[in-house]
Structures are given as C-alpha cells and as structure tokens.
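Novice: how would this look folded up:
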Amino acid sequence: MSKKVILSLFGLILIKSAYALKVEPYNNYTRFIFEPKDFIAAKGKVSDTAWYYPGYEEYNDCAATTIPIFLPKKAYISGYVTIKSTAHTWIESPRDLARIQLFKVKTFSNFAGLNQEIMTAPFYLSELRDIKTLYFSGNSSYIQAKTENNQFIYSKLMFDNRNEAWDKISFCLANISERTELYISALTIDAIY
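Specialist: Numbers count the residues shown, from 1 in each chain. All right, here's what the predicted structure looks like:
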C-alpha cells in the first residue's frame, strides 16, 4: 500500500515539474500562460525559450499543441501570442498584408471523449512590420516581412468566439504558411466568464 502512495506522489511531482503552465485568476476571467515546456510539438522543436518552426514548408495539421486545461464553466476566449517571425511571400497590393494568414491558433474542446475544433484565431502578415521588397515580377512583389528589430512581439489574437469554451480544452498552432519561420515563447489565453 505504501509503495502505491509513494509512486503516486512521485508521479505528481514529475507531472508538476514537467510543465510550466502559469494560472492567474482574476474577478471575471482566468489567465493561462503557456510557455515552451507546455507545448507538445508534432513539427518543429521545443527549447527552454521558444517553440521553433523553421518554415520551409506549409503545414496544415497541428504543428504544436498545448497541454489541456480545464474550464469549470462556459467562457469566451481571448488571447495573445509572444512571437518572433520572418515570412517570405508574394503580394499584389499592400491590402494583401491584412489578408494573408501566416498561421492559426485553433481551440479544441474534448467533451465526452470527442475532440472538436470550436474556434480559431488567425495571425496575419500585417503583424510583421519590418517589410522589405526583395524583387518584382509584373504587378507582384516578393517580400520579406519580420518582427521589428528581430525581437519578440506581444500580439493580440482575435478568436471568432462562435462558441463558448468549457470543460477540457487545448490550443494548437496550425495552418502555417510556406516560408514562415516562427519562434513562439508564450501563448497567453484569457477565459472570460
């Protein structure tokens, strides 16, 4: 009997030290801060400072997924991503900067054993403010866009909130555009009650 208790305690200590998830409760919302240790990477690499995706190819599935969290009641989701990125792409007009999505943060609910996508938040090329035209071809320009001074930025995510989130949920980074290099050092999620 005592062996089971000791093994259970040891397991809890290992689980607690394996993840760095920070939870900050407030009056009408709870903030969850996912750091690199809280990501499970299907593609790319996780280090102590960031999840890194080299960006050579397009990737539509979940490249990195957060550990699941539990919401005890229905909530709307808001969030921020701390990111450093470089993207290369063709544009035809400056309006394309606000239309081209570099990746999406998808929210999945796992209720009654079903894992279902409930909302998404796109990250647009326009968030990368250091833009350089590399060459022209007809009416199109091939550009390099990156975060200013090659530093991490804190960027708001606009979830569509067509559904409320509750129960066990997780987040994934998906639909990454070709030639988009990503370093993500944190994903901050607010569950607003």
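
Novice: remind me which residues of this protein are low pLDDT?
Specialist: Across the chain, the ranges flagged by pLDDT under 70 are 1-19, 112-113.

Novice: repeat that for 80
Specialist: When residues are selected by pLDDT under 80, those of the chain lie in 1-20, 111-114, 161-163.

Novice: I'd like the next helix or strand past the strand of greatest length in it.
Specialist: Counting residues, the longest strand found in the chain (DSSP state E) is strand 69-91. Past strand 69-91, heading to the C-terminal end, the next element that is a helix or strand (DSSP states H and E) is strand 101-111.

Novice: packing partners for that following strand?
Specialist: If you count contacts as 3 or more CB pairs under 8 Å, 6 or more residues apart in numbering; DSSP states H and E, strand 101-111 packs onto strand 69-91, strand 114-124, strand 165-174, strand 180-192. Glycine gets a C-beta too; all of them are placed from N, C-alpha and C.

Novice: That one: partners in the sheet, and parallel or antiparallel?
Specialist: In the sheet containing strand 101-111, its partner strands are strand 114-124 (antiparallel), strand 165-174 (antiparallel), by DSSP bridges.

Novice: could the ones you listed be laid out in CSV, adding mean neighbour count and distance to residue 58?
Specialist: Output for the strands paired with strand 101-111, formatted as CSV (neighbours: other CB atoms under 10 Å; distance: least, CB to CB, whole Å):
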stretch, mean neighbour count, distance to residue 58
strand 114-124, 16, 15
strand 165-174, 21, 11
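
Novice: quick one, which of these is nearest to residue 51?
Specialist: Closest to residue 51 of those is strand 165-174 (CB to CB; 7.6 Å).

Novice: distance between that closest one and the chain's centre?
Specialist: The chain centroid and the centroid of strand 165-174 are separated by 10 Å, computed with CA atoms, centre = their mean, to the nearest Å.

Novice: Going forward, count from 160.
Specialist: Understood, numbering begins at 160; the last thing we discussed is strand 324-333.

Novice: quick one, it and strand 339-351 angle?
Specialist: On the basis of axes from the mean of the first three to the mean of the last three CA atoms, to 10 degrees, strand 324-333 is oriented at 170 degrees to strand 339-351.

Novice: relative to strand 228-250, how tilted is strand 324-333?
Specialist: 30 degrees.
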